[in-house]
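Chemist: dropping a prediction and its sequence here:
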Amino acid sequence: MTDGDDPTQQHPATRDPAPFAPEEVGHPLLRPKDAATLVLIDRTGAEPSLLMGKRHQAHAFMPDTYVFPGGRRDRGDGRVPVSDELNEEVTRKLLLKMPSPATEIRARALAIAAVRETHEEVGIFIAGDGKPSRQTSWKAFADRGLAPKLSSLRYVARAVTPPYQKRRFDTRFFACFRDEVGQTDAEASNELLDLKWVKLSQADSLSMPRITRAIIEHLQRELAYDASLPFGRPVPYFHARYGHFTREVL
């Protein structure tokens, strides 16, 4: 496919319809916390499917909606031994417009957080043989002699929660294919319920945050462009700028 056919090539900053819920009022302006999400894609069928789960109704942030597994970066994530490293293009993209300190350790920690949260929320190990971490949150990996596997993770999107909401996150969305990881039998947790593999054409039938829908639409275009989801592709960056929602391309 030629560059002219690439659906993601556009001006680096464009005004988009708000991909988030309307802003809440009365909350202080919080600094967004680093977070990471993983989109696991099953490409074995006639149509790709994405692993999604429903957030518990008790959650303060996006309750009763279907999302991908993910959560906040922990302080210790950057020190966790790994089975292999991120693709160089992924690291380079993660560092673009990263708030200070913009370091490779922080970029790596974001990917590790996505792996950890995926296991905590749906029981899946994205891992390989390696030196296990002694941190409590990685005990399940250590018991199996496993360490996070990062080489298959693509960086596919970034989204910052708008100002004046009760929770704010600077979330990096990673993606990989189900056949690229090890054990992929998902199990529900107290974080995500009703786990299901959702076909791209059926995603509109679920209740989900607007930003999640925007990420799915982006992935549909990317998979149509190249079904292998190559590394180093343009990354949409959703955030508020001068009072308006903006979609930049990293």
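Modeler: Here it is on my side, so go on.

Chemist: show the pLDDT at Asp6.
Modeler: On pLDDT, Asp6 comes in at 52.

Chemist: now do the one 10 residues further on
Modeler: Looking at Asp16, its pLDDT reads 46.

Chemist: do the same with the one 10 residues further on
Modeler: The predicted local distance difference test score for Gly26 is 59.

Chemist: please apply the same query to Thr2.
Modeler: Reading off the model, Thr2 has pLDDT 35.

Chemist: which stretches in the protein count as helices?
Modeler: 88-95, 104-122, 139-143, 210-225 (DSSP state H).

Chemist: where among those is average confidence lowest?
Modeler: When these are compared on mean pLDDT, helix 139-143 scores lowest, with a mean of 92.

Chemist: got the buried residues for it?
Modeler: By neighbour count on 16 or more other CB atoms under 10 Å, the buried set for helix 139-143 is Phe141, Ala142. C-beta here means a position set from N, CA and C on the backbone, and glycine is covered the same way.

Chemist: export only the CA atoms of it, formatted as CSV.
Modeler: In CSV, the C-alpha atoms belonging to helix 139-143 read as follows (Å, rounded to 0.1, in the frame of the first residue of the first chain):
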residue,chain,number,x,y,z
LYS,A,139,4.8,-13.4,42.6
ALA,A,140,2.7,-15.4,40.1
PHE,A,141,5.4,-14.8,37.5
ALA,A,142,8.2,-15.7,39.9
ASP,A,143,6.5,-18.9,40.9
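
Chemist: distance from the chain centre to that helix, please.
Modeler: Centroid separation for helix 139-143 versus its chain: 23 Å, with CA atoms, centre = their mean, to the nearest Å.

Chemist: ok, now stretch 181-200?
Modeler: Centroid separation between stretch 181-200 and its chain, computed with CA atoms, centre = their mean, is 15 Å.
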